[in-house]
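Chemist: can you look at this prediction? I've put the sequence above it.
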Amino acid sequence: MGLHSRSEQTAMSEINVTPLVDVMLVLLIVFIVTAPLLMQAVKVNLPKTAAVSPMKQTKTIQMAIDAQGGVFIDQRLIHFDTLEAELKKIAAQDADPNVQLHADESVRYGRVAQVLAMLQRVGITKLAFVTTPIGKVPAPEENHKQ
């Protein structure tokens, strides 16, 4: 009976990565070869038609509500009593205008709700709220510099 040394009985603790690298290279080659084929999968001869007029571009209206509740349309201060009439004029000029609403974070919610109700009454349905991304908020000390 032979004596076995301790080094022959220990398990192999190294992982052989050569087969893994081989498989990954084969997959890479398969993707490189098939990617251009996917781009040109179907050849189609499109029919010819008469030219059509381009779609009408809708106007984007910048609307702002400042901290005191003042309403601005394209940087013009609009008295709140005449705001609905002004919005009706805008809706009459452009069939479906886009409105981007910039409301100060400290303005009362009631004022924003009144403006939203007016927009709905005059038939303006395309509305976007403009905000500042969280990563871009200025530090509080920057707001108070003069």
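Modeler: Happy to help now that I have it. Numbers count the residues shown, from 1 in each chain.

Chemist: Ile68: what's it in contact with?
Modeler: Slight slip there: residue 68 is Gln, not Ile. Contact analysis of Gln68 by Cβ atoms under 8 Å, 6 or more residues apart in numbering lists Val107. To be clear about C-beta, it is placed using only N, CA and C from the backbone, and glycine gets the same treatment.

Chemist: please confirm that it is located within a helix.
Modeler: No. Under DSSP: H, G, I helix; E, B strand; the rest coil, Gln68 sits outside any helix and is assigned coil.

Chemist: from Leu38, how far out is it?
Modeler: Distance of Gln68 to Leu38, computed by Cβ to Cβ, to the nearest Å: 58 Å.

Chemist: repeat for Val122
Modeler: Relative to Leu38, Val122 is positioned 49 Å away (Cβ to Cβ).

Chemist: what of Asn98?
Modeler: Between Asn98 and Leu38 the computed distance is 37 Å (Cβ to Cβ).

Chemist: neighbour count winner among these two?
Modeler: Remark: of Asn98 and Leu38, Asn98 carries more neighbours, 15 against 8, as counted by other Cβ atoms under 10 Å.

Chemist: from what I see, the more buried one and Thr125 are in contact.
Modeler: No. Under the criterion of Cβ atoms under 8 Å, Asn98 is not in contact with Thr125, lying 9.7 Å apart.
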